[in-house]
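Novice: dropping a prediction and its sequence here:
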Amino acid sequence: MAIEPGDRVTVEYVGRFEDGSVFDTSDYEVAEDSGLLGARGEDRTDYSPLSFTVGEGEVIEGLETGVVGMEAGEEATLTVPPEEAYGEFDADRVREYDAESFEGMVGRSPEVGLHVHAQNGLHGDVTAVRDDTVEVDFNHELAGKTLVFEVEVVDVE
């Protein structure tokens, strides 16, 4: 039976950038081979099939619409442009803060790579630290990127 909106689907997946490098996967061995392990302190149990209900917005649009029409056991490669994933990179979402004010807001000294949570609910990463300013990028880390997913439909309910 072909997948349609409202169906609960479970997929195994490997998410790659256009250059072939892996950014996410449900497969522990792929994560291990790609050097993804340890970045977040995860273990084997953190890698499992992804389940979502088609049409509920639980995953990015391109993945959700890409499985429509597929059936259990079917495999496909889905190429998802930024507008169907995490959006285009928006330069207006890169903000500069006074270094002293930043430390007062965050409670830590600024350093490149530091992940911050703003009071307005946004999440960002420090991308530059200068003498008197700190640059924080509030774009999603995958914004502006075309994503390529190798998916296998494991189950359809």
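Specialist: Structure's in. What do you need? Because the structure is a prediction, the values reported are computed rather than measured.
Novice: which residue is the nearest non-sequential neighbour of the residue nearest the centre of the chain?
Specialist: Taking C-alpha atoms, centre = their mean, the centroid of the chain lies closest to Leu142, which sits 5.9 Å from it. In this structure, Leu142 finds its nearest non-sequential neighbour in Tyr86, 4.4 Å apart by C-beta to C-beta, 6 or more residues apart in numbering. Just so you know, the C-beta spots here come from the backbone N, C-alpha and C atoms, and that holds for glycine as well.
Novice: now do the contacts for Glu150.
Specialist: Residues near Glu150 by C-beta atoms under 8 Å, 6 or more residues apart in numbering: Tyr13, Val14, Arg16, Glu75, Ala76, Thr77.
Novice: touching, the residue nearest to Leu142 and Lys145? I think so.
Specialist: Yes: if you go by C-beta atoms under 8 Å, Tyr86 and Lys145 touch, sitting 7.4 Å apart.
Novice: all helices of the chain, in order?
Specialist: 28-33, 61-66, 99-106 (DSSP state H).
Novice: winner for burial among the ones you listed?
Specialist: helix 61-66 (a mean of 18; mean count of other C-beta atoms under 10 Å).
Novice: other residues contacting that one?
Specialist: 13, 52, 54-55, 57-58, 76, 78, 80-81, 84-85, 147, 149, 151.
Novice: widest-spaced pair of those residues?
Specialist: Greatest spacing in those, by C-beta to C-beta: Gly57 and Ala76 (20.8 Å).
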